[in-house]
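*Asks:* curious how this folds, go ahead:
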Amino acid sequence: MRKSLVFAAVMVLALALSARASIVDWNCADDGDGAIVMGTPTWNEVSGEYYLTMSGTQYWYPAHVEGDFTTDTELDPTVWLIETVENQTTFNWTGYIITIGMTKNFTISSVIAPDDWTWVINAPVSGQPIPNDGTGWVGSVVYTYGGPGTEIAIGQSGDFGFKMSFLGSVAFCTEQIPTPEPTTLALLAVGALALIRRNKA
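*Replies:* You can find the predicted model right below:
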């Protein structure tokens, strides 16, 4: 009898720990300022994890994607936010920063990156300004290219994404900033110095 009770208690605890909220509604789109233009996203669920996948073109930065998730409970659903982004800026990308803000606490646990790129996850911190509006929890993923030949050239695309868990229904906004290649940065610095000298003259 005692063994049955212990087994039942363990099973209830295991089910409670593995339970996750179901997402019953969602929205996601670029913010309409033209910095990034996203296509219609797709939504899939596989083995209790949700996948929000979209593609778009980035023309300048900062670029913003906004949305929200509605859940049936306050348990923590897991969502992969995945973007294929085409570079239509004026420089090759050697890095990319995605900052994400949410109105509730969340975690970032896994990352998708272009081939040979590395990344660093900055854990969310509370009380921060959310990109585009309000305050809440803000974290980021900082991507860095793997050296010459791995940059995302103008007209090419890169896959960026991450897996996040959050506490029930939530609104979010990402801010996306590419990093120019070092040669472009040097040219920009020379141009800025020339402009400063010209203004002093």
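*Asks:* the residue nearest the centre of the chain and S22, how far apart?
*Replies:* Centroid-nearest residue in the chain: I98, 4.9 Å away (criterion: CA atoms, centre = their mean). Distance, I98 to S22, using CB to CB, to the nearest Å: 26 Å. The C-beta positions use only the backbone N, C-alpha and C, and glycine is treated the same way.
*Asks:* what of G67?
*Replies:* Applying CB to CB to G67 and S22 gives a distance of 17 Å.
*Asks:* coming back round to it: same for the helix or strand hosting the residue nearest to the centre of the chain, what does it pack against?
*Replies:* Element membership for I98 (DSSP states H and E) is strand 93-102. Contacts defined by 3 or more CB pairs under 8 Å, 6 or more residues apart in numbering; DSSP states H and E place strand 93-102 against strand 78-87, strand 118-129, strand 135-144, strand 157-166, strand 170-180.
*Asks:* low pLDDT regions in this protein?
*Replies:* Along the chain, the parts satisfying pLDDT under 70 run over 1-19, 183-201.
*Asks:* picking up where we left off before, can you redo the helices and strands packed on strand 93-102 as a markdown table with mean neighbour count and distance to D33?
*Replies:* Shown next, in a markdown table, are the helices and strands packed on strand 93-102 (neighbours: other CB atoms under 10 Å; distance: least, CB to CB, whole Å):
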| stretch | mean neighbour count | distance to D33 |
| --- | --- | --- |
| strand 78-87 | 21 | 16 |
| strand 118-129 | 13 | 18 |
| strand 135-144 | 20 | 20 |
| strand 157-166 | 20 | 19 |
| strand 170-180 | 21 | 12 |
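*Asks:* including distance to Q58, could those strands go into CSV?
*Replies:* Listed next are the helices and strands packed on strand 93-102 as CSV, based on distance: least, CB to CB, whole Å:
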stretch, distance to Q58
strand 78-87, 5
strand 118-129, 18
strand 135-144, 14
strand 157-166, 10
strand 170-180, 7
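*Asks:* and stretch 55-66, what's buried?
*Replies:* Using 16 or more other CB atoms under 10 Å as the burial criterion, the residues of stretch 55-66 that qualify are 55-59, 61-66.
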